[in-house]
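J.: Predicted structure and sequence below. I'll ask about it afterward.
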Amino acid sequence: MVDYLIFAAGLIASSIIAIGIAISYSLILPGIERKVQARIQQRIGPPILTPGFWTVIKFGYKSKMEPIAQMPKFYKYLVYFGVGFVALLFLFRTPFWWAVLGWGSILGIAGMLKLEEVLYVLMGSQSQSILSTSMPVPDLAKGSKMPCVRREFVEQHSSERALKMMAIGSLPIYLALVVPFVAARSPLISMVVAYQNPSYFFAPWYGLPLPSSPIILSISGFLAAIVYLMGYVMLLNEKPFSILKAKADVIEGGVLEYASKLRGYYYIMRNLLLFTMSSIFVTLFIGIPFDPLMPLAFITNMLLSLILPVSLAILAAFSPILTFRQIYPITVSLSAIGVLAMILTISL
Amino acid sequence: MAENAKSNTPAKVIEKELSFGPVHPALIEPYRIRLFVNDEYVEDCEITINMAYRGIEKLFEGLPVDRALLIAEKVCGICSHVHAFNSVRVVEGGLKINVPERANYIRVLTHETQRITSHLILLAHAFEVLGHETFSMRTFLLRETFMDLMGYLGGNRVMASVAVIGGIRPRADLTEPLKRAILDRIDEFEKKYLNFVERVLADPMVMARLTGVGFMTKEEAIKWYATGPTGRGSAWDFDLRRDMKEYKPFDFNIITQDGCDNKARIVVRALEVIESVKIIRQVVKNIPDGPIINNEWCVARMDYTTAYNESYRGELMHSYALDDRGLLRNYKIRTPTITNLAAMEQVCIGDHVTDAIVTIASCDPCLTCCTRAEVVESGKSRSMSELEIVKKFGWRR
């Protein structure tokens, strides 16, 4: 009984520390991302803390705005759910959670990611901003070439795109996620870390256990890492795969109506996901977990977690938004590479 | 049999209507686009303008001609010079005013400088709509050279006010230091610009978005009268500069592309920039000495006179008459967007929704310049004729 209580206390303490560190750190990442893009575009760019940290603080002080949505309350709760899902996704791969009901496994990660993706479909179907159908222009008075056609909000269109991205676009990241688990022949994160970094389990709290055989250095691991990077961009709906929030037509998509505090929460959700997914990458492909009770390990994890956001910023700076005409073949190719990585992992 | 087949043809099924604007981040001007789409593909399109009626043509009414022409420049910010230029060409044609050769050279210089700024703004906007911020910002950076040159010429980067009746403003005369500055700046620009264009054309992702999208054949371009680079992107070899007397001393090519798609329309503009640079260089090197303005004229009655000009977006028409006291009557402006609008509505059919906005942008709409009056009464909307406007608001509002 006492053991359970100690474990529960450790779980709560480590979770609070982990989430605190993660949210604080994740609010710096957009600044780094924007700075990299700005340098590529021959601009100075904003101060590092402005796009993440100060933006969230600023939105916290904005006057309250009621979103225009079919069910405003539900629409507002979606963003809270989003923060919750991403926070849980982050916690599931911290070492204390590895032992809790199997959440520290591929199932926990994939499940939370899917829930996060569904949110965009729901947000899109709810939001009804003034920028499309309900814009007060004399459309109906003027008549139309096709008067009886259903009129759709741009967010609803974005919601349909989110559904397509969920069905097809997210396939590569799940394939890439599976590869380290296949290599470790186990669905548990602890086994993936043990496969790459056995010294972690014996290191003292102040130590820095370095991996002996990181998966990323194998051929299959490297292929999977590339697929993971592209899948990461798709999952975060960033350029070139930001079709569900393409400025040219659907503007911001389902999150268009989030303003003031709600937008602040949305940024926390998005930034935490940015960090979580890159931290998962470091855990699964390099073998250094984010252990809140082992300072050097989590600092190393955080520093290595910069790889993906910086790569994402570079990719976004050099690419336009791709339409489904290009996304489908890219997804098929990436999925094929993912499957190849998996086959290589099994056979080698 | 054929009739039966026709009657059995299923009616066109449209899944939904998506509408954008007039307030929308991808539209730099206030207009409404209604796309009728199936899944992601546009089956039909309807563009509504008249969101920002400024009544400029009515402002002209009854003004002295030399004062009124200052307003002509304000029709558009991007193509301010061509409106001023063409506006003075009307009265110069109607009253047979001779323009000194040196003034013509400087008018052409300003015209081509602003053509470059206009084309580069389209390229930057197209990249922005494509979602490629880096290319967009680089284009704006390149454009700065010519914005500065406009400032050097007229003292203002946007409204240079170079052309006046009978010549040009003395401020805009070409001095030796200015000539050197122009040549230095365009040499530097050309080097950077050619590298940039090569880089853009070699980018597979950008080309994937542009190639084979927004298809318009030459016949369609002629049918819808898509003038300017929009038509030249469909291999329609039509450019008014070929017949303008101001352009006779210069050697330049009319750029056409036979791709007939968004890529062709973008490439035409990109290559026209190089031709404009060529013309600017010829102006600076060959400009004759002599007066810059002919003041030997006096206002008089003038019948309706029309002047056409190759604006940056296509064919521009200005037409007006002067009464006995030299006051303006019935000023009419037909901007290129008016004729290009029909093409814009048609060419985006069959595109992906996101591509349709790029297609419309590739036709370079400038809607505030071409807007007329509109009235909505009892739930029905219609355009007002000039006579109705006059009856309702009088000659001078």
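T.: Ah, there it is. Numbers count the residues shown, from 1 in each chain, chains lettered A, B, ... in the order given.

J.: Please make it C-alpha for all contacts and neighbour counts, starting now.
T.: Fine.

J.: Measure how far stretch A:266-277 is from the centre of its chain, please.
T.: 6 Å (CA atoms, centre = their mean, to the nearest Å).

J.: Could you do stretch B:351-365 as well?
T.: The answer for stretch B:351-365 is 17 Å, by CA atoms, centre = their mean.

J.: got the contact list for it?
T.: When contacts are defined by CA atoms under 8 Å, 6 or more residues apart in numbering or on different chains, stretch B:351-365 is touched by residues A:246, A:248-249, A:323, B:26, B:35, B:37, B:40-42, B:122, B:125-126, B:129-130, B:209, B:213-214, B:230, B:262, B:265-266, B:313, B:337, B:340-341, B:343-345, B:347-349.

J.: burial measure for B:A202, as a count.
T.: 11 (other CA atoms under 10 Å in any protein chain shown).

J.: if we can go back for a sec, give me the subset of the contacts of stretch B:351-365 lying in helices.
T.: B:122, B:125-126, B:129-130, B:209, B:230, B:262, B:265-266, B:337, B:340-341, B:343-345, B:347 (DSSP state H).

J.: Also near chain A: which of the residues you listed, exactly?
T.: Filtering those for proximity to chain A by CA under 8 Å from any CA of the partner chain leaves B:V129, B:L130, B:R209.

J.: Correct me if wrong: the second one contacts A:I321.
T.: What it means is B:L130. Yes. The pair B:L130 / A:I321 is scored as a contact, 6.0 Å apart, by CA atoms under 8 Å.

J.: May I have the secondary structure class of A:L91?
T.: Classification of A:L91 by DSSP: H, G, I helix; E, B strand; the rest coil places it in helix.

J.: Verify the stated contact: it with A:A99.
T.: No. Assessed by CA under 8 Å, A:L91 is found out of contact with A:A99, at 11.9 Å.

J.: And stretch A:70-77, what's buried?
T.: For stretch A:70-77, a neighbour-count test (16 or more other CA atoms under 10 Å in any protein chain shown) marks A:P72, A:Y75, A:K76 as buried.

J.: give me the element A:G102 is part of.
T.: Element membership of A:G102 [criterion: DSSP states H and E] is none; it lies in no helix or strand.

J.: Now for it, how many residues are close by?
T.: Counted with other CA under 10 Å, A:G102 comes out at 15.

J.: OK, contacts around it?
T.: Here A:G102 is in contact with A:G108, A:L188 (CA under 8 Å, 6+ apart).

J.: The stretch 1-150 of chain B: helices as residue ranges?
T.: With DSSP state H, counting those that start in this stretch as the criterion, the stretch 1-150 of chain B has helices at B:2-8, B:56-60, B:65-72, B:80-94, B:101-130, B:133-154.

J.: quick one: contacts of the following helix or strand past the last one?
T.: Elements were assigned by DSSP H and E; along the chain past helix B:133-154, the next helix or strand is strand B:163-164. Outside strand B:163-164, the residues that touch it by CA under 8 Å, 6+ apart are B:D66, B:L69, B:H81, B:A84, B:F85, B:V88, B:R107, B:R169.

J.: and if you look at stretch A:228-240?
T.: Contacts for stretch A:228-240 (CA under 8 Å, 6+ apart): A:117, A:165, A:169-173, A:176-177, A:241-245, A:270, A:273-274, A:277, A:281, A:308, A:312, A:315-316, A:319-322, A:334, B:131.

J.: got it, and stretch A:201-215?
T.: Counting by CA under 8 Å, 6+ apart, A:180, A:183, A:194-200, A:221-222, A:284-288, A:293-297 sit against stretch A:201-215.

J.: Swap in 6 Å and give it another go.
T.: Stretch A:201-215 is contacted by residues A:Q196, A:N197, A:S199, A:Y200, A:G221, A:F285, A:I286, A:G287, A:M294, A:L296, A:A297 when judged by CA atoms under 6 Å, 6 or more residues apart in numbering or on different chains.
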